[in-house]
Every structure is written in C-alpha cells, then in structure tokens.
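# All I have is the shape, not the residue letters:
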C-alpha cells in the first residue's frame with residue numbers, strides 16, 4: 001500500500017487491487033491505509049488528516065427516519081467517510097416524497113426507503129457498512145450506535161427517541177423543517193432540547209409542507225454537527241439550538 005500510494009494518497013483502483021490480492025475487503029484496506037497515514041483518494045478534498053478520517057471510519061451512526069432529512073444526512077455522512085450507518089425506517093417512497101427525499105425517483109416509488117438508501121450509498125462509498133431496519137426504531141437501534149440522527153416528523157416519536165438517547169447517554173442530533181423554516185440542535189445528557197422544543201408531544205399534521213432547499217440546509221447542519229461530535233470539535237449547538245428562516249435569510253441561536 002505504501003508503495004502504491006502517491007503523496008500518501010491511494011486510489012480506489014489500487015484499493016480494489018489490494019483487496020483482491022490479499023483476499024480481504026475494501027473496508028480492511030481502508031482501515032489499514034488510514035492506520036499507516038495513507039489517505040484514500042475519495043477523501044483528499046475533505047481537508048481532514050488520516051487520524052480524523054479514521055475516527056469517522058470507526059463511527060457508527062443511527063439514522064432514525066430515512067426521508068428528507070435522514071436521507072440527505074446519510075448521503076453526506078457516506079461521502080465524508082463515516083464507516084457504519086444504521087438506517088431505520090418502516091416506510092416506502094411515495095409520490096409526495098419526490099420533491100425532497102434523497103434517492104426517491106419514479107423508479108423507486110413503492111420501495112423501502114432504508115433499502116434504497118443502503119443500495120445507493122454503497123455506490124457512493126463502497127466501504128460503507130449498512131444495517132437496515134424496516135421497522136419503527138427500538139432500543140436496539142439506539143444501543144448499536146455511537147450517536148443518533150433525528151429524521152423523524154412527529155413530536156411524539158421524538159420524545160420517545162429522546163428518552164432512549166438520554167437513558168443511554170447518546171447524543172441526539174435533532175433537525176426539523178416547516179416550509180421555509182427549520183431548526184437544528186444537539187441533545188446531550190445534560191441538555192433537554194427535545195422537551196424544550198416540544199413541550200406538548202403530539203403527532204404532526206398528515207400534510208406538512210416541506211421545501212427542498214430547507215431540507216438540504218438543515219440536513220447539512222445535522223451532518224456537520226454529527227461529524228464535529230465524532231472529531232471532538234466544540235459547537236454552540238450542544239448547549240443551544242439554531243432557528244433558520246430561509247425566506248428572510250435570518251438565523252437565530254437560542255439557548256434552551
């Protein structure tokens with residue numbers, strides 16, 4: 001691997017050849033490379049060093065809800081180099097999802113969201129390990145991960161997820177969208193974000209209005225917060241939350 005790497009960058013072709021030669025997986029080659037300060041070529045524009053990429057590779061993230069936010073967050077995490085994703089969603093793609101949900105196309109209508117995501121994400125990053133749960137989230141969905149991304153659309157479900165994450169001291173990266181508006185924050189053991197934002201838990205309206213640019217913005221923020229937590233980077237969103245107004249280009253950082 002050292003001999004093949006140019007300027008400590010190893011191409012995907014060389015990774016594939018090494019995996020074939022040594023009868024191992026691409027994941028094995030990537031882990032070995034990062035441990036020897038060799039960077040896979042697909043990460044060279046990240047601007048992260050091999051130690052940081054190794055932390056991302058070793059991370060296991062639960063995506064609870066694989067729709068607008070969850071699907072886009074999953075794609076961003078796969079591209080930056082997260083090694084394992086648990087994709088949890090009982091639903092299939094519907095026509096109303098076409099305006100915003102990642103990998104929802106005319107061809108995937110009626111297919112399980114988690115299955116489609118797993119298939120398409122491994123095309124983006126072939127070392128990605130995915131676990132699919134085509135059911136409502138459970139305690140095992142949370143326990144199997146280092147942290148959890150909230151892609152839900154119900155305050156009631158968010159309260160249930162929050163309780164599980166607080167019980168097991170796992171960070172919960174929250175995001176929510178309503179037309180031009182959205183919010184994002186990180187709930188940790190000493191920070192009751194969900195209870196503050198949703199004091200009266202209940203189900204969301206059946207026909208919520210969600211614009212694709214707002215989804216993309218909030219999902220990007222959730223993905224960034226997830227990576228910062230893994231890399232040990234500080235963030236004001238671990239003690240507050242951000243309200244975004246794309247219509248008027250206003251952003252407010254609020255303390256809970």
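That came through fine. This is a predicted model, so every value here is computed, not measured.

# Let me see the contact set for residue 149.
Contacts for residue 149 (C-beta atoms under 8 Å, 6 or more residues apart in numbering) come out as 61-64, 69-70, 73, 172-173, 175, 222, 226. Every C-beta, even on glycine, is put in place using the N, C-alpha and C of the backbone.

# all helices of the protein, in order?
Counting by DSSP state H, the chain has these helices, from start to end: 12-21, 26-35, 50-58, 68-80, 113-124, 139-143, 155-167, 193-197, 212-231.

# Residue 179 is nearest to which of those helices?
helix 212-231 (7.0 Å; C-beta to C-beta).

# Any buried residues in the closest one, and which?
Residues of helix 212-231 classed as buried under the neighbour-count rule (16 or more other C-beta atoms under 10 Å) are 214-219, 221-230.

# and the angle from that helix to helix 68-80?
50 degrees (axes from the mean of the first three to the mean of the last three C-alpha atoms, to 10 degrees).

# ok, residue 119 to residue 146 distance?
Distance, residue 119 to residue 146, using C-beta to C-beta, to the nearest Å: 24 Å.

# Same question for residue 243.
The value you get for residue 243 to residue 146, if C-beta to C-beta is used, is 27 Å.

# Then residue 128?
Taking C-beta to C-beta, one finds residue 128 at 15 Å from residue 146.

# Compare neighbour counts for these two and give me the winner.
Between residue 128 and residue 146, counted using other C-beta atoms under 10 Å, residue 128 has the larger neighbour count: 22 against 15.

# Could you pull up phi and psi at that one?
phi -60, psi 130 (degrees, to the nearest 10).

# Would you agree it is in contact with residue 119?
No. Taking C-beta atoms under 8 Å as the definition, residue 128 is not a contact partner of residue 119, at 10.9 Å.

# how many neighbours does the nearest residue to residue 105 once chain neighbours are set aside have?
Take residue 105 and drop its neighbours on the chain: the residue closest to it by C-beta to C-beta, 6 or more residues apart in numbering is residue 98, 7.4 Å away. Counted by other C-beta under 10 Å, the residues lying close to residue 98 total 14.

# Next: residue 246.
Residue 246 has 17 nearby residues by other C-beta under 10 Å.

# what do you get for the one 10 residues further on?
Counted by other C-beta under 10 Å, the residues lying close to residue 256 total 14.

# do the same with residue 150
28.

# was I right about it contacting residue 170?
No. Under the criterion of C-beta under 8 Å, residue 150 makes no contact with residue 170, lying 11.7 Å away.

# can the helices of the chain go into a markdown table with extra columns for mean pLDDT and distance to residue 94?
Shown next, in a markdown table, are these (pLDDT from 0 to 100; distance: least, C-beta to C-beta, whole Å):
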| stretch | mean pLDDT | distance to residue 94 |
| --- | --- | --- |
| helix 12-21 | 96 | 35 |
| helix 26-35 | 97 | 34 |
| helix 50-58 | 98 | 32 |
| helix 68-80 | 98 | 12 |
| helix 113-124 | 98 | 10 |
| helix 139-143 | 94 | 23 |
| helix 155-167 | 95 | 18 |
| helix 193-197 | 93 | 27 |
| helix 212-231 | 98 | 16 |
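
# most packed of those helices?
Among the helices of the chain, helix 68-80 has the highest mean neighbour count (mean count of other C-beta atoms under 10 Å), at a mean of 25.

# and that helix with helix 50-58, angle?
140 degrees.
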